[in-house]
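> Predicted model and sequence below, questions to follow.
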Amino acid sequence: MSLVSVRNLRKSYGLGANSVEVLHGVDLDVAEGEFVALMGPSGSGKSTLLNLIAGLDKPSAGELTVADARIGEMSATELARWRGRHIGFVFQLYHLMPTLTAAQNVEVPLLLSGLDAARRRRQARIALEVVGLSHRIDHKPAQLSGGQQQRVAIARAIVTDAPLLVCDEPTGDLDRASADEVLDLLGAFNREHGKTIVMVTHDPAAAARATRQLHLDKGRAVDAPATH
Ligand code: ADP
Ligand code: MG
């Protein structure tokens, strides 16, 4: 079954004469349980496509269904609530709130969930334990290494039990050892917890962890040619 279904998706930035189309009709299906690596040159629209899939931006045309919801057609409020339950996002530069502790950052997606503070705190602790950071729950981002900050971001992405993780160059700013820790975690979430993952990456070692590799070429997604 497709968890993500993209049909003839188009995205333009800018208005009128300044409008530039970045995605020219992307078709893409991601089945439940897949771990897809999305590659392609810088500026080819990878982040644009991920942001659309994650409901962080609106398509200009085409159809986009995630977990049976037509997310291009939802209102901003509906989308914010829905996104928290269905999608976890991991960014290259972590995007943690600097004034909040690790645990408070991980709690952010639960703020719209209706859970009380004690429950939120408990779920955040569990998520931080899963990523190996039980000993860092009260640290602020500036007191953590890049790899640790990315693991906090991963805890935040999984804390709601969302079935889909969308990762934009999650290892792009990390040294090899920290990158491998992050990839080990993502691989384990995919294999052991059935998370579906769509990950943009330039890192061949990261792409090798995926179950399928796609290229975004001229604003259209194509299956990567076999390398050997
Ligand atoms: P990639 O992630 O593959 O490097 P992006 O999706 O970030 O590519 O960008 C694709 C193209 O869209 C680039 O030419 C970029 O400059 C342009 N672009 C991205 N975001 C915006 C935006 N918010 N406004 C205008 N142009 C944008
Ligand atoms: Mg990008």
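It's in. Numbers count the residues shown, from 1 in each chain. Ligands and ions are numbered 1, 2, ... in the order given.

> Give me the neighbour count for Ala162.
20 (other Cβ atoms under 10 Å). All C-beta atoms are positioned from the backbone trio N, CA, C, and that covers glycine.

> Ile137 too?
18.

> Might one say that it is in contact with Leu100?
No. The pair Ile137 / Leu100 is not scored as a contact, 11.4 Å apart, by Cβ atoms under 8 Å.

> what's downstream of the strand or helix carrying Arg121, the next helix or strand?
According to DSSP states H and E, Arg121 maps onto helix 117-130. Next helix or strand after helix 117-130 toward the C-terminus (DSSP H and E): helix 146-158.

> How about Val159, nearest residue that isn't a chain neighbour?
In this structure, Val159 finds its nearest non-sequential neighbour in Ala127, 4.3 Å apart by Cβ to Cβ, 6 or more residues apart in numbering.

> Contacts only, for the one you found.
Val106, Ala155, Arg156, Ile158, Val159 (Cβ atoms under 8 Å, 6 or more residues apart in numbering).

> quick one: contacts for the first one?
To tie it back to what came earlier, the one meant is Val106. Val106 touches Ala124, Ala127, Leu128, Val152, Ala155, Arg156, Val159, counting by Cβ under 8 Å, 6+ apart.

> The same query, at a cut-off of 6 Å, please.
Ala124, Ala127, Ala155, Arg156, Val159 (Cβ atoms under 6 Å, 6 or more residues apart in numbering).

> ok, and the most crowded of these?
Ala155 leads the contacts of Val106 on contacts (other Cβ under 10 Å) with 28 neighbours.

> Check the gap between His86 and Ile154 for me.
Remark: distance between His86 and Ile154 (Cβ to Cβ, to the nearest Å) = 17 Å.

> what does Leu111 give?
From Leu111 to Ile154 the distance is 18 Å (Cβ to Cβ).

> which of these two has more neighbours?
Neighbours per residue, other Cβ under 10 Å: of Leu111 and Ile154, the larger number sits with Ile154, 27 against 11.

> just checking, the more buried one touches Gly132?
No. Ile154 lies out of contact with Gly132 (Cβ atoms under 6 Å); the separation is 10.2 Å.

> If you tally nearby residues, what's the number for the closest residue to ligand 2 within the chain?
The chain approaches ligand 2 most closely through Ser47 (3.2 Å), counting by Cβ to the ion. Neighbour count of Ser47, defined by other Cβ under 10 Å: 19.

> for Val166, which residues make a bridge with it?
In this entry, Val166 is beta-bridged to Phe89, Val198, by DSSP bridges.

> ok, now how distant is it from Ala157?
8 Å.

> Can you show me the CA trace of stretch 122-142 as CSV?
What follows is stretch 122-142, C-alpha atoms only, in CSV (Å, rounded to 0.1, in the frame of the first residue of the first chain):
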residue,chain,number,x,y,z
ARG,A,122,7.2,10.9,30.0
GLN,A,123,7.0,10.4,26.2
ALA,A,124,9.8,12.8,25.6
ARG,A,125,12.0,10.9,28.1
ILE,A,126,11.2,7.6,26.4
ALA,A,127,12.0,9.0,22.9
LEU,A,128,15.3,10.4,24.2
GLU,A,129,16.1,7.0,25.7
VAL,A,130,15.5,5.4,22.4
VAL,A,131,18.1,7.6,20.7
GLY,A,132,20.6,7.0,23.5
LEU,A,133,20.3,10.4,25.2
SER,A,134,18.7,9.7,28.6
HIS,A,135,21.7,11.4,30.2
ARG,A,136,21.2,14.7,28.3
ILE,A,137,17.5,15.4,28.7
ASP,A,138,18.0,18.8,30.5
HIS,A,139,20.8,20.0,28.3
LYS,A,140,20.3,22.9,25.9
PRO,A,141,21.2,22.4,22.2
ALA,A,142,24.4,24.5,22.6
